[in-house]
Every structure is written in C-alpha cells, then in structure tokens.
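Peer 1: 3D model of this:
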Amino acid sequence: MTKERESELIAAVLAGDADSFEPLVLEYQKKIYNLALRMTGDDDDAFDCAQDAFVKAFVSLKDFRGESAFGSWLYRLACNVCLDFLRREKRRGVVSLTVENEELDIADLRFLPEDELERTELRDAINTALSRLPATARQMIVMRDVSGLSYAEIGRMLDLELGTVKSRIARAREKLVKILSEDETFCTRAASKKRKEGKTHA
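Peer 2: As a prediction, this is how the structure comes out:
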C-alpha cells in the first residue's frame with residue numbers, strides 16, 4: 001500500500017468513515033501480530049496485544065501527525081502495548097530475529113530457496129540462544145533489532161537515560177553473541193553462508 005493511499009484512508013477514518021480503517025488493519029495485521037508474538041512468546045497473548053494495538057490506533061488516529069510513516073507509528077504503538085502487557089504479567093517469551101554482529105559476520109540470514117535448511121537451522125540456533133537470555137536483554141534486542149526503534153525511542157518507552165539504553169543493548173548483544181559462539185551448528189552454518197556470499201560477490 002502506498003503512503004498516498006494510507007493518507008487517504010486515514011483522512012476518511014477521521015472524517016467519520018470507520019470502515020476505511022479495515023484496509024489498514026489488513027495491511028499491517030501480520031507484522032503487528034508477529035511483533036507481539038516475539039515479545040510475549042504466546043499465541044493467545046500476541047493476538048490479544050495485536051487487537052489491543054489496533055483498537056488503540058483507531059482511537060488515537062487523530063494524534064497521528066504524519067511526521068513518520070503510519071507503519072512506524074503503529075509499530076511503536078504496538079510495542080508500547082506489548083511492554084505494558086509484559087510489565088503487568090511479568091512473563092518471559094522467546095523472540096525470533098535476524099542478528100547483526102560484525103564479530104561473527106552474520107549481518108543477515110536471508111538465503112536463496114535452496115538454502116532453506118540452513119536458514120531454518122540458523123534461526124533455530126538463534127531462538128535457542130535468545131531463550132537463554134534474561135527477559136530484559138531479550139526485550140532490548142526485540143525493541144532495537146526487531147522493531148527498529150531508535151535508542152531515544154526505547155529510552156522514552158522505558159524511562160531510561162540514553163546511555164543506559166545503549167549499554168543495556170550492547171550487553172544484551174554481547175551475551176547473545178557469546179551463546180551463539182558456543183553453538184557449533186550455528187558457527188558452522190554462519191561460516192558456510194559467508195563462503196557462499198564470497199563466491200557470489202567474486
């Protein structure tokens with residue numbers, strides 16, 4: 001969906017046409033649900049959080065100024081909903097994400113179709129490593145590396161100083177990398193990916 005089309009739908013909703021909100025929900029429902037699932041670790045909780053996020057988005061749509069993309073605004077709102085849920089429930093969940101770390105050179109885990117097995121094994125290794133992280137560390141990685149929130153945005157959401165946010169994210173990444181570096185399967189597959197990319201760019 002183009003930004004222009006989103007603007008048209010938003011304008012229609014604000015003008016009283018509630019049905020125009022449905023195309024926006026259909027456009028983003030999968031992404032918002034996946035975010036909620038990564039943060040809560042439970043299908044039912046993720047569904048509830050996603051639904052809550054869209055309700056809040058509808059009610060708060062008048063506050064959307066268009067300074068950022070609607071998707072970014074909605075993503076931040078959904079992230080806040082999930083954080084509120086986690087604070088209330090104090091639950092711990094497993095998140096799934098693409099890790100970026102120069103030391104291991106695993107900047108992206110996108111593969112060609114024939115590498116599907118390797119991709120699955122790598123993601124399983126990452127999920128296992130993430131499950132071993134403290135809840136706070138997982139939360140930081142989700143917000144920064146999955147949701148793409150800035151350090152400043154994370155600081156505002158969690159009421160933390162910018163330096164504290166940066167240090168916590170750095171420590172969380174260090175812990176994740178340490179766990180992954182001890183995983184023989186992950187290191188072997190990551191090295192294989194690097195060699196294949198070298199051949200591709202040669």
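Peer 1: Got the domain ranges for the protein?
Peer 2: Per the record's domain assignment (automatic domain parsing), the chain is made up of the domains 3-89, 113-201.
Peer 1: need those domains in JSON lines with mean pLDDT, can you?
Peer 2: Shown next, in JSON lines, are the domains of the chain (pLDDT from 0 to 100):
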{"stretch": "domain 3-89", "mean pLDDT": "87"}
{"stretch": "domain 113-201", "mean pLDDT": "74"}
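Peer 1: Now Arg65: which helix or strand?
Peer 2: Per DSSP states H and E: Arg65 is located in neither a helix nor a strand.
Peer 1: now the helices for the chain?
Peer 2: When assigned using DSSP state H, the helices of the chain occupy the ranges 3-14, 22-40, 43-60, 70-89, 116-131, 135-141, 151-158, 162-181, 184-201.
Peer 1: how about the ones you listed in CSV, adding mean neighbour count?
Peer 2: C-beta coordinates here come from the backbone N, C-alpha and C atoms, glycine included. Output for the helices of the chain, formatted as CSV (neighbours: other CB atoms under 10 Å):
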stretch, mean neighbour count
helix 3-14, 14
helix 22-40, 19
helix 43-60, 17
helix 70-89, 18
helix 116-131, 17
helix 135-141, 20
helix 151-158, 16
helix 162-181, 16
helix 184-201, 14
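Peer 1: Do I have it right that Arg173 meets Ile141?
Peer 2: Yes - the criterion here is CB atoms under 8 Å, and Arg173 meets it with Ile141 at 7.0 Å.
Peer 1: What separation do you get for Thr2 and Ala69?
Peer 2: Distance of Thr2 to Ala69, given as CB to CB, to the nearest Å: 11 Å.
Peer 1: the more surrounded of the two?
Peer 2: More crowded of Thr2 and Ala69, by other CB atoms under 10 Å: Ala69, with 11 against 7.
Peer 1: okay, stretch 135-149 in PDB with CA atoms only?
Peer 2: Extracted C-alpha coordinates of stretch 135-149, given in PDB (Å, rounded to 0.1, in the frame of the first residue of the first chain):
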ATOM      1  CA  ALA A 135      14.000 -11.200  29.900                       C
ATOM      2  CA  THR A 136      15.400  -7.700  30.000                       C
ATOM      3  CA  ALA A 137      18.100  -8.500  27.500                       C
ATOM      4  CA  ARG A 138      15.600 -10.100  25.100                       C
ATOM      5  CA  GLN A 139      13.300  -7.100  25.400                       C
ATOM      6  CA  MET A 140      16.100  -4.800  24.400                       C
ATOM      7  CA  ILE A 141      17.100  -6.800  21.400                       C
ATOM      8  CA  VAL A 142      13.500  -7.000  20.200                       C
ATOM      9  CA  MET A 143      12.900  -3.300  20.500                       C
ATOM     10  CA  ARG A 144      16.200  -2.400  18.800                       C
ATOM     11  CA  ASP A 145      16.900  -5.100  16.300                       C
ATOM     12  CA  VAL A 146      13.400  -6.400  15.500                       C
ATOM     13  CA  SER A 147      11.300  -3.300  15.900                       C
ATOM     14  CA  GLY A 148      14.000  -1.000  14.700                       C
ATOM     15  CA  LEU A 149      13.300   1.600  17.400                       C
END
